[in-house]
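Visitor: Okay, predicted coordinates and the sequence, questions at the end:
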Amino acid sequence: MEETAFLDRNGAADYAKTKGVPLSPNTLRKLACVGGGPKFRKFGRRVLYSPADLDAWISSRLSGPVSSTSDSGIAA
């Protein structure tokens, strides 16, 4: 079984930034309450994220490549 290094919210936000995704710990905190964020685990009171779950969440939120905003229905 592969070993996973879990990240706290600050580490998860920093990890997302290394992938080019601007994300703050406060955004992760809010998404953990309202839903729509990456999967996480609890260790006592601490919230922990795996890099694989963060990668999957980031990929699920990205659109495919487009050449203009009208191609994807995304407003600029």
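Guide: Looks like it came in fine. Note that the structure is predicted; figures quoted are calculated from it, not measured.
Visitor: Angles on the backbone of the residue lying closest to Arg9 once chain neighbours are set aside, please.
Guide: Once flanking residues are discounted, Arg9 sits nearest to Pro25: 4.1 Å by CB to CB, 6 or more residues apart in numbering. Bear in mind the C-beta positions are built from the backbone N, C-alpha and C, glycine included. Here is the backbone geometry of Pro25 (degrees, to the nearest 10): phi -60, psi -30.
Visitor: For the closest residue in space to Leu23 that isn't next to it in sequence, list the residues it contacts.
Guide: The spatially closest residue to Leu23, leaving aside those adjacent along the chain, is Ala16, at 4.0 Å (CB to CB, 6+ apart). Contacts for Ala16 (CB atoms under 8 Å, 6 or more residues apart in numbering) come out as 22-23, 54, 58.
Visitor: pLDDT wise, what is Ala16 at?
Guide: Ala16 is assigned 97 on the pLDDT scale.
Visitor: Please report the distance of it from Gly44.
Guide: Ala16 is 24 Å from Gly44, where distance means CB to CB, to the nearest Å.
Visitor: for the residue nearest to Leu23, helix, strand, or coil?
Guide: Judged by DSSP: H, G, I helix; E, B strand; the rest coil, the three-state class of Ala16 is helix.
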